[in-house]
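> Provided below for reference: sequence and predicted model.
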Amino acid sequence: MTRRTLFTTLLGLVLALVVGPLVWSLATSLKPSGQILSAPPALLPDPATLDHYARLGREGVGRNLLNSVVNSLATVLLALVGGAAAGYAMSRFRFRGSRFLLVFFIAAMTIPAYSLLLPTQLLFDRIGLLDSAVTLPLLYVAHVIPMVVWVTKTQFDALPIELEQAATVDGYSRWEAARKIVIPGAKPALIAAGAYAFLVAWNDYITAATMTSSPALRTMPVALTFFQGFHGREWGPLMAGVVIATIPPVVLFIVFRRYLVGGFLSGAIKG
Amino acid sequence: MSAVLEGRPAQPESPAPRRRAARAPYLLVGPAALLIIATNLIPGLAAFYTSLRDMVFFHDRGFVGMDNYAELFGNPATWKAVGVSLQFTFAALVLGVLAALVTALVINRMGGTGRLIMTLFLIPWAMSPLVVAILWKWILAPFEGGLLVGILQFVGLGPVALLSDDLGAPAALVGVAVWRTFAFGAILLLAGLAQIPADLYRAASVDGHSAWEQFRRITLPLLKPSILIVVATLTISYFNEVQVIIGLTEGGPIKGTTTLSYLLYEIGFEESNQSYGNAIAVLMFVINMLLILAYVRILGMDRPKRRVGAGR
C-alpha cells in the first residue's frame, strides 16, 4: 500500500467516524417510530417524518429553546461589553495594578469553571441567587469574560494608536475615538469572543443542571436529560432534541469558523 | 501567543482631563474584575472554608477541622477515582494527540478540501458535551436498532453491551472524549506545521533522507512546541471532564468511570454533601493549579519577551 492510499484510507475512516454519528442522529430523528428499533438498522428514514419534532413541540421544547437563546444572547452581549471595556483599559491606560490584573485575568481564563461550581452553588444559595432567571447568564458571563478581556486587549494592542491620536486632534473625544476607530478595528476579536461566548452558554449542561431547578428555566441540554428520564428508550424524540440542540452552535461555528480558529491559536479558546 | 504580551506599553495620558482619566481605567476594568472576584476568588475561599465544616443539604453543623480531608484521603473510593481520572486522562491524551497529529499531517498536504474537511471535523467540538454523550449512548445501545449492534451483526458478530462492560465503558468514554476534541488539537498542530519552512524538507530530500527520517528529524522536533500546547490544553480539559460522563456512563459500571470530577458531582451535587464535596473540590482545584502552572510555563505566558508556540 502506498503512503497516499494509506493516508486516504485513514482520512476516510476518520471522516466516517465524525460524520457517521451526526448523520445517524439526524436519520433516527426522522424515522417513523416503528423503524427505529428495526434490525438490521435502516440507514435512512422511509418515509421521513417530523413526528418526533412535533412531539417535542407538544412537550414544550419551545420554552427550553427560548431559555437557551435568551441566556446565550444575554451572555454574548454582557460579556462583550464588560470584557471589551476592560480589554480597552488594559490596552490603552497605564494604571496601578494593571500588570497584576492581567495575570489575574489569565489565571481566571485557565481555571475550569466546573472546579468552582460546588462552592458557587453554596454562595448563590446563601444570597438567594439560585434558580433565578439571571443565575445562568451571570455565571456564563463570568466564565467567558476573562477570555473576552484577553482577546480584545490583544487586538487593541495591535491597532496603531496614531489613528486615535489623529482623531483626537480632529476634535474627537476619547470615547468617540474608541467607538468609531478602536471598536470597529477590533471586529475580528469581538466576533471570535462573541461566538465563543455563545457556544459556551448554549452548550452548557452542568451549570444549568446544578444552579437551576425550575422547569420554567430549563435549557435545551437540561431538557434533554429530562426527556431521557421520562421516555427511556424513545430515541426518536431524543435524537430530534439532539438535532435541535446541535443546529444553532454548528451553524454559528461554520459561519464564524475563521474567527474562532484565530481564537484557538491565541490560546484563549479551550478544547 | 506572547505577541500579545509584548505589545506596546500603554500610552501616557494626555494631561488635560487628568482627574477623570485617572479614574477611567478602574471604571472600565471594574465590572469584569469584580465579577471574576465574585465567581472565582470568593468561591475558591468558600470551598476551603466549607471543607473545614460539616455541611449537608446547605445545613451548616459547625467546624470540624481537617476531618473531611482525613475522611477523603482515608477513603479507598477517593484513590480509586484518582486512578480512574489518571487512566482516563492519560488514555484520552495519547489517543487524542495521536489522532490530532495524524489528522494534521494528512490535512496539511491537502489544499482547500483540507479546510473543508477540518470544518467537518470540528463540528463535534462545537456541540454540547452532554448532547454528544446522548448521541453516542444511542449509537452504542446494546439492543436491536443500535448502530454498533447493526454493524457487528453485519460482520457476523453478536451484540455487545459496551457501556455496561468494565473495560468497554471506560474505553467508550475515552473514545467519545477524543471524538469531541481531536480536531481542536489538529488545528493547533496545523498552525505549527505551517510554520516549518518548506526549504528544510527540500534540502533533506536532496540529501536523500526518507520521508520517515524527515518526519522524525524535521517535523517532530519543530512541532514540539505546538504538541506541548495541545497536551497541556487537553490534559486540563480531560481531567475536568464531567458532562460526557454524566450523559454516557454515570460513573459506572461499578465506579469504573467515576473520575475525581464525577465523584465531585456525585457527592457534592447529587448527595448535596457540601463539606465533603468541597474537600474534593479543593483537591481538584490544587491539581488544576499545578496543571495550569505547567500550562502557563509551556505557553510562555510567564515570560512576556519570548515568542513561543504556534503563531498565527
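Noted; the coordinates are in hand. Computed from a predicted structure; not experimentally measured.
> centroid-nearest residue for the chain?
As the question left the chain open, I've gone with chain A. A:Leu199 (1.0 Å; Cα atoms, centre = their mean).
> ah, no, chain B please
Judging by Cα atoms, centre = their mean, chain B has its centre closest to B:Ser237, at 1.2 Å.
> who does the strand or helix carrying it touch, helix- and strand-wise?
Assigned by DSSP states H and E, B:Ser237 falls within helix B:220-239. Packing partners of helix B:220-239 (3 or more Cβ pairs under 8 Å, 6 or more residues apart in numbering or on different chains; DSSP states H and E): helix B:76-108, helix B:168-195, helix B:274-299. For every residue, glycine as well, the C-beta is placed using N, CA and C.
> if we can go back for a sec, what's the nearest residue to the residue nearest to the centre of chain A if we skip its chain neighbours?
Counting by Cβ to Cβ, 6 or more residues apart in numbering or on different chains, A:Pro249 is the residue found nearest to A:Leu199 once chain neighbours are left out, at 5.4 Å.
> residues near that neighbour, how many?
24 (other Cβ atoms under 10 Å in any protein chain shown).
> wait, what's in contact with it?
Neighbouring residues of A:Pro249 by Cβ atoms under 8 Å, 6 or more residues apart in numbering or on different chains: A:198-199, A:202-203, B:126-128.
> quick revisit: buried residues in the helix holding B:Ser237, which are they?
Buried residues in helix B:220-239, counted by 16 or more other Cβ atoms under 10 Å in any protein chain shown: B:223, B:225-239.
> nearest to chain B: which residue in chain A?
Of all residues in chain A, the one sitting closest to chain B is A:Asp157 (3.1 Å; Cβ to the nearest Cβ).
> make sure that residue is actually in contact with A:Ser91.
Yes. Shown here, A:Asp157 and A:Ser91 form a contact pair, counting by Cβ atoms under 8 Å, at 5.1 Å.
> what about those two, which has more around it?
Neighbours per residue (other Cβ under 10 Å) separate A:Asp157 from A:Ser91, with A:Ser91 holding more: 25 against 20.
> SS state for the more buried one?
Assigned by DSSP: H, G, I helix; E, B strand; the rest coil, the conformation of A:Ser91 is helix.
> so the nearest residue to it once chain neighbours are set aside is in which element?
In space, and not counting its chain neighbours, A:Ser91 is closest to A:Phe156: 3.6 Å by Cβ to Cβ, 6+ apart. In this structure, A:Phe156 is located in helix A:135-158 according to DSSP H and E.
> same thing with B:Pro253?
B:Pro253 belongs to no helix or strand, assigned by DSSP H and E.
> which residue is the nearest non-sequential neighbour of it?
Computed as Cβ to Cβ, 6+ apart, the closest residue to B:Pro253 that is not its neighbour in sequence is B:Ser164, at 5.2 Å.
> separation between the one you found and B:Leu248?
Look at B:Ser164 and B:Leu248: by Cβ to Cβ, to the nearest Å, they are 12 Å apart.
> out of these two, which sits in the more crowded spot?
B:Leu248 (26 against 14).
> from B:Trp179, how far off is that one?
If you go by Cβ to Cβ, the gap between B:Leu248 and B:Trp179 works out to 11 Å.
> name the residues contacting each of the two.
B:Trp136.
> list the buried residues in the helix or strand in which A:Phe104 is found.
Element membership of A:Phe104, judged by DSSP H and E, is helix A:98-110. Going by neighbour count (16+ other Cβ under 10 Å), the buried part of helix A:98-110 is A:98, A:101-102, A:104-110.
> stretch A:28-45 now?
Applying 16+ other Cβ under 10 Å to stretch A:28-45 flags A:28-31, A:35-37, A:41-42, A:45 as buried.
> now the helices: where do they sit in the stretch 151-271 of chain A?
With DSSP state H, counting those that start in this stretch as the definition, the stretch 151-271 of chain A shows helices at residue ranges A:161-169, A:174-177, A:183-185, A:187-203, A:206-211, A:220-231, A:235-255, A:257-265.
> check which helices and strands the second one sits against.
Translated: helix A:174-177. Judged by 3+ Cβ pairs under 8 Å, 6+ apart, the packing partners of helix A:174-177 are helix A:161-169.
> equivalent analysis for the shortest one, please.
Under the contact criterion of 3+ Cβ pairs under 8 Å, 6+ apart, the helices and strands touching helix A:183-185 comprise an empty set.
> now it, how far from the centre of its chain.
In terms of Cα atoms, centre = their mean, to the nearest Å, the centre of helix A:183-185 is found 23 Å from the chain centre.
> which outside residues touch that helix?
Contacts for helix A:183-185 (Cβ under 8 Å, 6+ apart): A:84, A:155, A:159, A:163, A:190.
> swap the cut-off to 6 Å and go again
Helix A:183-185 is contacted from outside by A:Leu159, using Cβ atoms under 6 Å, 6 or more residues apart in numbering or on different chains.
> so which residues on the stretch 1-150 of chain A come close to chain B?
When proximity is defined as Cβ under 6 Å from any Cβ of the partner chain, the stretch 1-150 of chain A approaches chain B at A:7, A:11, A:18, A:21, A:24-25, A:36-37, A:39-41, A:82-83, A:85-86, A:89, A:92-95, A:106, A:108, A:110, A:112, A:114-116, A:118-120, A:122-123, A:125, A:142, A:145, A:149.
> please narrow these to those residing in helices.
A:7, A:11, A:18, A:21, A:24-25, A:36, A:82-83, A:85-86, A:89, A:92, A:106, A:108, A:110, A:118-120, A:122-123, A:125, A:142, A:145, A:149 (DSSP state H).
> show me which of those residues are buried.
A:7, A:11, A:18, A:21, A:24-25, A:36, A:82-83, A:85-86, A:89, A:92, A:106, A:108, A:110, A:118-120, A:122-123, A:142, A:145, A:149.
> contacting residues for A:Asn71?
By Cβ under 6 Å, 6+ apart, the neighbours of A:Asn71 are A:136-137, A:201.
> okay, and it sits in which element?
Assigned by DSSP H and E, A:Asn71 falls within helix A:61-92.
> which parts of the helix holding A:Phe156 are buried?
A:135-157.
> for that helix, output the C-alpha coordinates as PDB.
C-alpha atoms of helix A:135-158 as PDB (Å, rounded to 0.1, in the frame of the first residue of the first chain):
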ATOM      1  CA  THR A 135     -28.400  33.000  37.500                       C
ATOM      2  CA  LEU A 136     -27.100  31.400  34.300                       C
ATOM      3  CA  PRO A 137     -26.400  34.500  32.200                       C
ATOM      4  CA  LEU A 138     -24.400  35.900  35.200                       C
ATOM      5  CA  LEU A 139     -22.300  32.700  35.500                       C
ATOM      6  CA  TYR A 140     -21.800  32.300  31.800                       C
ATOM      7  CA  VAL A 141     -20.600  35.900  31.500                       C
ATOM      8  CA  ALA A 142     -18.200  35.200  34.400                       C
ATOM      9  CA  HIS A 143     -17.000  32.000  32.700                       C
ATOM     10  CA  VAL A 144     -16.200  33.800  29.400                       C
ATOM     11  CA  ILE A 145     -15.300  37.300  30.400                       C
ATOM     12  CA  PRO A 146     -11.600  36.700  31.100                       C
ATOM     13  CA  MET A 147     -11.300  35.300  27.600                       C
ATOM     14  CA  VAL A 148     -13.000  38.400  26.100                       C
ATOM     15  CA  VAL A 149     -10.700  40.700  28.000                       C
ATOM     16  CA  TRP A 150      -7.700  38.700  26.700                       C
ATOM     17  CA  VAL A 151      -8.600  38.600  23.100                       C
ATOM     18  CA  THR A 152      -9.800  42.200  22.900                       C
ATOM     19  CA  LYS A 153      -6.700  43.500  24.700                       C
ATOM     20  CA  THR A 154      -4.600  41.600  22.300                       C
ATOM     21  CA  GLN A 155      -6.400  43.100  19.300                       C
ATOM     22  CA  PHE A 156      -6.400  46.600  20.800                       C
ATOM     23  CA  ASP A 157      -2.600  46.400  21.300                       C
ATOM     24  CA  ALA A 158      -2.200  45.600  17.600                       C
END
